[in-house]
Structure formats: C-alpha cells, structure tokens
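Novice: Got a predicted model here, sequence first, then my questions.
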Amino acid sequence: MILTTTNSIEGFKIVDYLGIVTGVAMNEDTLTMGFSLSKYIKKIQEGVDNVKEIAFQRLQENAVKLNANAIVGIKVEIELTTSNYAMVSVTGTAVKVAV
C-alpha cells in the first residue's frame, strides 16, 4: 500500500477515488506527572509513537475494505486529552492506482 501526504503519487496514475478513510487510536495508559519531567516527556513520545502506528494500521485496513492500493492526502492529528491520553487520528483518500 502506497501512503503519501501529497495529492498525487509521482510515477503513478490514480484511476479511481474510492473514498475517505480514517484510522483513530487512543493510548489508554494515563500519564501522571512525577518527579522527572524527562521521564514524563519520554512516556508521552512513546505513547504517541505506539498509538500512531495503530492508527496507520487501521487506516490501511479501512482502505483495503474499499479495494484501494494507495492512500493520498494523508493528514495526521495528534492530541493529548485533558486526562493525558494520547490520541491520534489519521485521515486520507483511498485510491486505486495503475500499477
């Protein structure tokens, strides 16, 4: 599966636009502030990285359901909720490209 933030894929022709797909994931581990700011920041970074991977997997799974072989125009939104949960939302357009 080709993934890109651009609206086209150099060297490929988009032959069909199949729909908007989304992948959302949330880290369910609550982050608490302790005595070490560096540990807190590292925990946030690890949480976002893990959740982002899950969100991208869900994005691709939803695109496969539409028989897509690429996703263009990907946008990634990362939010830390008031309860200190990391949430990532990934959205793009599922397309079929000529191979």
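Specialist: Arrived safely. Computed from a predicted structure; not experimentally measured.
Novice: From the contact counts, what lies against the least confident helix or strand in the chain by mean pLDDT?
Specialist: One helix or strand of the chain scores below all others by mean pLDDT, DSSP states H and E: helix 37-65, with a mean of 88. Judged by 3 or more CB pairs under 8 Å, 6 or more residues apart in numbering; DSSP states H and E, helix 37-65 is in contact with strand 14-26, strand 70-80, strand 86-97. Any C-beta I mention is one placed from the backbone N, CA and C, and that applies to glycine too.
Novice: what angle separates that helix from strand 86-97?
Specialist: If you take axes from the mean of the first three to the mean of the last three CA atoms, to 10 degrees, helix 37-65 sits at 30 degrees to strand 86-97.
Novice: List the buried residues of helix 37-65.
Specialist: Of all the residues in helix 37-65, those buried under the rule 16 or more other CB atoms under 10 Å are 43, 47-48, 51-52, 54-56, 58-60, 62-63.
Novice: now these in CSV, with distance to Val88?
Specialist: What follows is these, written out as CSV (distance: CB to CB, whole Å):
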residue, distance to Val88
Lys43, 15
Gly47, 10
Val48, 7
Val51, 5
Lys52, 5
Ile54, 8
Ala55, 4
Phe56, 9
Arg58, 10
Leu59, 10
Gln60, 14
Asn62, 15
Ala63, 17
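Novice: Among those residues, which one sits closest to Ser83?
Specialist: Gly47 (12.6 Å; CB to CB).
Novice: Might one say that that closest one is in contact with Ala86?
Specialist: Yes - using CB atoms under 8 Å, Gly47 is in contact with Ala86, at 4.2 Å.
Novice: on that earlier part again, and of the helices and strands packed on helix 37-65, who's closest to Thr6?
Specialist: Per CB to CB, nearest to Thr6 of the helices and strands packed on helix 37-65: strand 70-80, 6.5 Å.
Novice: And that closest one, how far out from the chain middle?
Specialist: 5 Å (CA atoms, centre = their mean, to the nearest Å).
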